[in-house]
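structure of the sequence below:
(one chain, ligands or ions: 2)
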Amino acid sequence: MTGPEMEVLDIDIETVKGFMDVAEGEALYKAALAESTHGPVLEVGTYCGKSAIYLGTACRANDQVLFAVDHHRGSEENQPGWEHHDPETWDAEAGAMDTLPFLRRNLRRANLEDTVIPVVGKSHLVAKNWTTPLAMVFIDGGHSREMAMGDYKGWTPHVAENGLLAIHDVFPNPDDGGRPPYEIYCLALESGLFAEEGAVKSLRLLRRIK
Ligand code: SAH
Ligand code: MG
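Numbering: from 1, shown residues only. Ligands and ions are numbered 1, 2, ... in the order given. Coordinates of the predicted model:
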């Protein structure tokens with residue numbers, strides 16, 4: 001834990017596997033603290049729970065919940081042989097990754113078992129069956145064009161009026177990272193439905209204005 005604000009977390013966030021920078025995590029926490037006064041929050045792409053701990057701790061303060069959607073089989077870049085593979089996440093019997101046990105353990109350690117509701121499944125299948133309006137949606141799932149577009153089309157309609165859409169790994173400069181999260185960020189702005197409200201490193205916060 002670095003920033004003084006993050007003393008609100010019941011867990012040393014450095015002990016949680018994952019891909020959430022502390023400054024971005026703090027921004028997620030602050031955003032969720034404000035937004036979850038209006039309703040539940042949902043994230044796509046939970047992995048071992050790092051971002052969910054920031055978001056969930058904020059939801060807990062408002063007696064709200066965070067839905068944490070992930071199939072727990074990892075994104076392309078998490079697979080064996082790829083840059084972000086962690087062999088500890090490999091389930092030999094399944095012949096696939098399984099990050100769900102890590103998530104459960106981390107939610108217990110962070111005192112978030114009554115706040116964060118893991119939804120285990122493919123994002124597009126969950127989105128297709130979703131009906132509850134969401135005060136805030138955080139997109140941090142698969143980074144292929146197909147996955148990012150699926151998350152954009154599937155989840156933006158569920159952001160409540162005046163709600164917040166957060167997108168991770170938005171890199172305007174192609175040298176810094178993959179394009180699809182940046183492309184869906186551009187689509188959201190071009191749609192006229194969202195306006196940018198904040199940015200911290202690769203995190204973008206967009207307000208639903210229509
Ligand atoms: N937010 C996490 C990092 C997420 S990594 C953190 O703070 O550390 C991206 C995650 O998205 C992976 O766990 C992967 O399993 C999940 N994912 C990728 N594509 C998905 C899909 N189509 N449906 C559900 N989950 C998906
Ligand atoms: Mg990310």
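
SS state for Glu113?
coil (DSSP: H, G, I helix; E, B strand; the rest coil).

actually, Arg104.
helix.

for it, give me the pLDDT.
pLDDT, Arg104: 98.

any idea what the residue nearest to the spatial centre of the chain is bridged to?
A centroid search over the chain (C-alpha atoms, centre = their mean) returns Glu43, at 4.0 Å, as the residue closest to the centre. When bridges are called by DSSP bridges, Glu43 pairs up with Ala68, Phe138.

separation between it and Lys153?
Look at Glu43 and Lys153: by C-beta to C-beta, to the nearest Å, they are 17 Å apart. The C-beta positions use only the backbone N, C-alpha and C, and glycine is treated the same way.

in this structure Cys48 contacts Phe102, no?
Yes - counting by C-beta atoms under 8 Å, Cys48 does reach Phe102; the two are 3.9 Å apart.

shared neighbours of those two, anything?
17, 89 (C-beta atoms under 8 Å, 6 or more residues apart in numbering).

between those two, who's got more neighbours?
Each of Cys48 and Phe102 has its neighbours counted (other C-beta atoms under 10 Å); Cys48 has more, 25 against 20.

need phi/psi at that one.
phi -100, psi 10 (degrees, to the nearest 10).

again with the one 5 residues further on
Main-chain torsions, Ile53, degrees, to the nearest 10: phi -70, psi -40.

give me the nearest residue to it, chain neighbours excluded.
Ala110 (4.9 Å; C-beta to C-beta, 6 or more residues apart in numbering).

how close does the one you found get to ligand 1?
As judged by C-beta to the nearest ligand atom, to the nearest Å, Ala110 and ligand 1 stand 13 Å apart.

pretty sure that residue contacts Tyr54?
No - with contact defined as C-beta under 8 Å, Ala110 does not count as touching Tyr54 (9.8 Å).

just checking, Arg60 touches Ala110?
No - using C-beta under 8 Å, Arg60 is not in contact with Ala110; the gap is 9.3 Å.

just for this protein, where's the confidence low?
For the chain, the stretches with pLDDT under 70 are 1-5.

quick check: residues of it near ligand 1?
By C-beta under 6 Å from any ligand atom, the residues of the chain that approach ligand 1 are 18-20, 45-47, 50-51, 69-75, 99, 122-123, 140-142, 147.

restrict the residues you listed to contacts with ligand 2.
Counting by C-beta under 5 Å from the ion, 19, 140 from the residues of the chain next to ligand 1 sit close to ligand 2.
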